[in-house]
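> Dropping a prediction and its sequence here:
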Amino acid sequence: MPALPAKHYAAKLQGQLRSLLGHEQIITQTYGRHLLIKRLDDEEPTVVARLTELGRNRYGAAFRTHSGRWETLPGNGTLDEMAEVVVTLLHPYLQPDNY
């Protein structure tokens, strides 16, 4: 995934997640072919999940466990579809500490 489109998709994903969650305490960042999803906490951002590009506009999702390992979430789909999956399955983990 070239850098410029990846940054575009990260910004689009960030906007979708903030809209679905109803708060601004989420940021996204590119990391290779991944889009990292981070929760903003008092100290520093915490990586909660990631979307990985599987093909043209197809993504898979994974959740970062407390041990730092990645656990695959079910399904794959477009950026829009996977944003909804991540919010549905990980809603409590995407809430800021002071929420």
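Sure, I can see it. Numbers count the residues shown, from 1 in each chain.

> what residue ranges in this protein are flagged as low confidence?
Along the chain, the model assigns pLDDT under 70 to residues 1-4, 98-99.

> nearest residue to the spatially most central residue of it other than its sequence neighbours?
Nearest to the mean C-alpha position of the chain, by C-alpha atoms, centre = their mean, lies Ile37 at 3.2 Å. Distances taken as C-beta to C-beta, 6 or more residues apart in numbering place Ala49 nearest to Ile37, at 4.5 Å, with adjacent residues excluded. Yep, even glycine has a C-beta here, placed from its N, CA and C like the rest.

> Wasn't the one you found part of a helix?
No - read with DSSP: H, G, I helix; E, B strand; the rest coil, Ala49 is strand and lies in no helix.

> That one - how many residues pack around it?
27 (other C-beta atoms under 10 Å).

> Which of the three states applies to the residue nearest to the centre of the chain?
Here Ile37 takes the strand state, with states given by three-state DSSP.

> I'd like the distance between it and Leu51.
With the distance defined as C-beta to C-beta, to the nearest Å, Ile37 ends up 7 Å from Leu51.

> Now list whatever residues contact both of the two.
Residues touching both Ile37 and Leu51 by C-beta atoms under 8 Å, 6 or more residues apart in numbering: 13, 86.
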